[in-house]
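Participant: Got a predicted structure here, sequence first:
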Amino acid sequence: MPEGPNLIMLKEKLQPFKGRQVTAANGYAKNVDPSMLNGNTLSDIKTWGKHLLLVFEDFSLRIHMGLFGSYKINRPVKKNAALHLQFGDEEINFSIVKVQVINQPLDEVYDWSADIMSQKWDADKAIQKLKEKPGLMICDALLDQGIFAGSGNIIKVESLFRAGIHPESLCGNIPADKLKELSNEVIAFSREFLKYGKTHHLGDRLQAYGREECPRNHVAFHKRDTGKTKRLTFYCDICQVLYS
DNA sequence: GTGCATGTTACGAG
DNA sequence: ACTCGTAACATGCA
């Protein structure tokens, strides 16, 4: 369930739990003793990229869903959850997630301006980071959570297609205005992802990811693992310019 | 039943 | 020390 927009959806679904007290907690997750949560009030819910942040008075919990992670709200789980949180008569269950306790103020831990879903997103800073890594392939940069926190493989594929940039282009060789265009597409598509994802119509909006042919010229998409990250990339080598 | 996936990290080998 | 390949993760889906 993993890209930035999915985390915003999750945050919205968890709003009813805000201000409520944990009445029971358990789970097999490492790095946390769930019993420490007992009696604590969930004061806020934040996200940074793909991190879900449950804020309690004296600490926060970072929850990362990874690729296989899932959650259930007030619905039965098949097996013991990695983290089960009971709030009176309501409950949240997370499966296959990584949990970490954060004892510092979140503002000291997170640079909100790197989060593509944040109001504080700063495109110029991201572009500066790209320029500082001239040898990095842009397909890898779009998965780098330090640069585009919250971007995943779908956002990568779609924003590269929309900006007309070949995934194996090197950051240092892409013109500044194309980098700006790419950054704009990342943000625009992420908003679209959020809007249509809520109603399960994201698939209708995908122009490249999972498609067989380019919607512009009907040539078959290339479909290969690219970059150091070796993640599946759909691209059209007519529409998408290689800056190598 | 099989295979694949919106992610990340840990580990061993070289 | 660094970088690469691989596995792993108590899932969900087509």
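Facilitator: That came in fine, so what should we check first? None of the values given here were measured: they were computed from a predicted structure. Residues are numbered from 1 along each chain as shown, chains lettered A, B, ... in the order given.

Participant: just for chain A, where's the confidence low?
Facilitator: In the predicted model of chain A, residues A:1 satisfy pLDDT under 70.

Participant: Give me every residue in it lying close to DNA strand B.
Facilitator: Within chain A, the residues that sit near DNA strand B (Cβ under 7 Å from any atom of the strand) are A:1-3, A:6, A:49-50, A:64, A:66-68, A:98, A:143, A:145, A:152-154, A:231-232. Where C-beta positions appear, they are placed from N, C-alpha and C, glycine not excepted.

Participant: restrict those to contacts with DNA strand C.
Facilitator: A:66-68.

Participant: re the thing from before, so which of the residues of chain A next to DNA strand B belong to strands?
Facilitator: A:64, A:98, A:231-232 (DSSP state E).

Participant: What is the most widely separated pair among those?
Facilitator: Pairwise distances across these (Cβ to Cβ) peak at 23.2 Å, for the pair A:Lys98 and A:Leu232.

Participant: Between those two, tell me which one has more neighbours.
Facilitator: A:Lys98 (18 against 13; other Cβ atoms under 10 Å).

Participant: what is the closest residue to the more buried one other than its chain neighbours paired to in the beta sheet?
Facilitator: Spatially, and ignoring its direct neighbours in sequence, A:Lys98 is nearest to A:His64 (4.5 Å; Cβ to Cβ, 6 or more residues apart in numbering). For A:His64, the beta-bridge partners are A:His51, A:Lys98 (DSSP bridges).

Participant: isn't A:His64 right up against A:Gly49?
Facilitator: No: if you go by Cβ atoms under 8 Å, A:His64 and A:Gly49 don't touch, sitting 9.4 Å apart.

Participant: Looking at those two, which one has more neighbours?
Facilitator: Using other Cβ under 10 Å, the more surrounded residue of A:His64 and A:Gly49 is A:Gly49, with 22 against 16.

Participant: so the more buried one makes contact with A:Gly152?
Facilitator: No: using Cβ under 8 Å, A:Gly49 is not in contact with A:Gly152, being 9.4 Å away.

Participant: and for these two, which residues touch both?
Facilitator: A:Gly4 (Cβ atoms under 8 Å, 6 or more residues apart in numbering).

Participant: Now do the lengthiest helix in chain A: which elements does it pack against?
Facilitator: Using DSSP state H to define each element, chain A has its longest helix at helix A:176-197. For helix A:176-197, the elements it packs on are helix A:4-13, helix A:123-131, helix A:153-163, helix A:202-205, judged by 3 or more Cβ pairs under 8 Å, 6 or more residues apart in numbering; DSSP states H and E.

Participant: for these, which one ends up most surrounded?
Facilitator: Highest mean neighbour count among the helices and strands packed on helix A:176-197 (mean count of other Cβ atoms under 10 Å): helix A:153-163, with a mean of 24.

Participant: Tell me the residue of chain A that sits nearest DNA strand B?
Facilitator: A:Gly152 (2.0 Å; Cβ to the nearest atom of the strand).
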